[in-house]
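Novice: model this:
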Amino acid sequence: MQSKHIVVHGRVQGVFFRASAEDEATRLGVGGWVRNRDDGTVEMVVEGEDDAVERMLTWAREGSPQAWVSGVDVTDTEPAGHRSFEQA
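Specialist: Numbering: from 1, shown residues only. Predicted coordinates:
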């Protein structure tokens, strides 16, 4: 089990990034949350099995079809026991 704090830069607000992230996280079986930040980035916490979290990171580097991702900051965090993934 691992947990990652992710900040996604680029054109990631107003392009269904959060809804798409929720769909992908549910498909992969990871828990956590996603939200827009005031600076135009999107922030996520993703936790679950190593392979599923890595696949979610791969997805975040591409984002939703309408998004343009210019960078992703990733920090390891302690798992908080998220059982589902939601938009915050």
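
Novice: going forward, measure contacts and count neighbours with C-alpha atoms only.
Specialist: Fine.

Novice: Bridge partners for the residue nearest to residue 37 when sequence neighbours are not counted, pull those for me.
Specialist: Once flanking residues are discounted, residue 37 sits nearest to residue 43: 6.7 Å by Cα to Cα, 6 or more residues apart in numbering. Here residue 43 sits in beta bridges with residue 7, residue 35, as judged by DSSP bridges.

Novice: Report the contact partners of residue 43.
Specialist: 5-8, 34-37 (Cα atoms under 8 Å, 6 or more residues apart in numbering).

Novice: quick one: which of those residues is nearest to residue 49?
Specialist: Minimum distance to residue 49 across those is 14.8 Å, recorded for residue 5 (Cα to Cα).

Novice: Let's see the pLDDT reported for that closest one.
Specialist: Residue 5 carries a pLDDT value of 98.

Novice: re the thing from before, ok, now how distant is the residue nearest to residue 37 from residue 30?
Specialist: Distance of residue 43 to residue 30, computed by Cα to Cα, to the nearest Å: 15 Å.

Novice: so is residue 54 in a helix, a strand, or just coil?
Specialist: helix (DSSP: H, G, I helix; E, B strand; the rest coil).

Novice: so how many other residues sit close to the closest residue to residue 34 other than its chain neighbours?
Specialist: Excluding the flanking residues, the one nearest residue 34 by Cα to Cα, 6+ apart is residue 44, at 4.3 Å. Residue 44: 23 surrounding residues under other Cα atoms under 10 Å.
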